[in-house]
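S.K.: My questions are about this predicted structure, shown below with the sequence.
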Amino acid sequence: MRTGLDPYIRVGIDAGGPLRVPLADGATVDVEVLARASDGAIRVRVGGKILVAASSGLFEPGDAFQARVRLARDAVFLDPAKGPAAARSSVLARLSLPDTGDAAFLVRFFARSLLKLDSVQCRALLSVSSRFPGRERRAVEAAAILESHGLRSDDETVSMLMDAIEGRPFPGETDGDGSRGGKREGKDAEPDAGDGAKRRLRDFVAFVNHKKGHERHWIVIPFTREIAGATVQGSVRCMIDLATSRCLETLVTVNDGERVWDFDLFGVRCDFRANPPFAPVKNGEIAVYLRGILEMVGYTDVCYQDFSSAASREIPAVDLEA
């Protein structure tokens, strides 16, 4: 049974009729990945025919495997018969890293960003994350973004970027009673203590965003929005290909005061999670609701993603420094 966490390849059906390569639902076919475009699309050979497809993971040129055919109304899905566990364990073993969700996330993050990494760098970043109990995964992401920009990922800087990503206040951004600061009005008005912290946040994020160190560049855009009478905060992170000025991946975090929501938008897929988590049945209901909304903008596969497991996401082939 497909769990919704497995990698897949999606081949669209031609506008003028059925797919030119006849595929039967449930059949097993040989798939060869030929090339990858900068927008994330891949060229695959299936049944002797070359097709352009989208994928939920970073399948690399040269990959060859068997896949099971799954037919949908407007697409054909190819689900690899063998899961990514072997490849994941191999990459992590080569980097002398533990087979954990945080390590898998880190390697996958650098692979998508087309960055080289070595075992010393990986262990250092994971060591930083271990000093933020309960927020390890966020610390891994923040440290990885800083490293990709050529910035030091010390505890203070990682903490600041984590707070910017999750919409948490910097020190000094709240009133004495813990509530959000508001401007005093009238002739006796004094500068809000939160204004300085907000400027600090803005300046810090602007510095990180402008520090370009690689062809695939992550930018962080914090936001505050009023939704249904409530204030939510968070950020949008985009991976931009500087050569083509295209957005290749988008990560969205929303902090509603009760939960921190994360959405990973890549290709035609949206993975989501919430902390604290919901019961599994509730995750299914949320997935159905989100799919109804996101299908209108091209996201046809919406899944709850349990990032606590190393097996939750595949790791593509990565370039390891000597």
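M.R.: Yep, that arrived. Numbers count the residues shown, from 1 in each chain.
S.K.: ok, longest helix in the protein?
M.R.: In the chain, taking DSSP state H as the definition, the longest helix is helix 193-210.
S.K.: Who are the packing partners of that one?
M.R.: Helices and strands touching helix 193-210, by 3 or more C-beta pairs under 8 Å, 6 or more residues apart in numbering; DSSP states H and E, are helix 155-166, strand 216-227. No exception for glycine: its C-beta is placed from N, CA and C like everyone else's.
S.K.: Can you redo these as CSV, where the extra columns are mean neighbour count, distance to R138 and mean pLDDT?
M.R.: Listed next are these as CSV, based on neighbours: other C-beta atoms under 10 Å; distance: least, C-beta to C-beta, whole Å; pLDDT from 0 to 100:
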stretch, mean neighbour count, distance to R138, mean pLDDT
helix 155-166, 19, 5, 94
strand 216-227, 15, 12, 92
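S.K.: Using TSV, please lay out these together with distance to Q305.
M.R.: TSV is the format used below for these (distance: least, C-beta to C-beta, whole Å):
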stretch	distance to Q305
helix 155-166	17
strand 216-227	19
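S.K.: Between those, which one is closest to A35.
M.R.: Closest to A35 of the helices and strands packed on helix 193-210, according to C-beta to C-beta: strand 216-227, at 17.7 Å.
S.K.: circling back: and the longest helix of the chain, how far out from the chain's middle?
M.R.: Per C-alpha atoms, centre = their mean, to the nearest Å, the displacement of helix 193-210 from the mean C-alpha position of its chain is 24 Å.
S.K.: So for stretch 199-216, what gets flagged as buried?
M.R.: Buried residues in stretch 199-216, counted by 16 or more other C-beta atoms under 10 Å: 201, 204-205, 208-209, 216.
S.K.: any weak-confidence spans in this protein?
M.R.: Within the chain, the stretches with pLDDT under 70 are 1-7, 12-21, 37-40, 56-58, 60, 62, 82-90, 170-195, 213, 306-322.
S.K.: And for R45, the neighbour number?
M.R.: Residues contacting R45 under the criterion other C-beta atoms under 10 Å number 15.
S.K.: Next up, the contacts around it.
M.R.: Neighbour list for R45: 31-32, 34, 51 [criterion: C-beta atoms under 8 Å, 6 or more residues apart in numbering].
S.K.: Would you mind measuring from it to L125?
M.R.: Plainly put, R45 is 37 Å away from L125 if you go by C-beta to C-beta, to the nearest Å.
S.K.: again with F109
M.R.: Distance, F109 to L125, using C-beta to C-beta: 10 Å.
S.K.: quick one: the longest helix of the chain to helix 155-166, angle?
M.R.: Put simply, helix 193-210 runs at 100 degrees to helix 155-166, going by axes from the mean of the first three to the mean of the last three C-alpha atoms, to 10 degrees.
S.K.: by how many degrees do helix 193-210 and strand 216-227 diverge?
M.R.: Note on geometry: by the same axes, to 10 degrees, helix 193-210 and strand 216-227 are set 150 degrees apart in direction.
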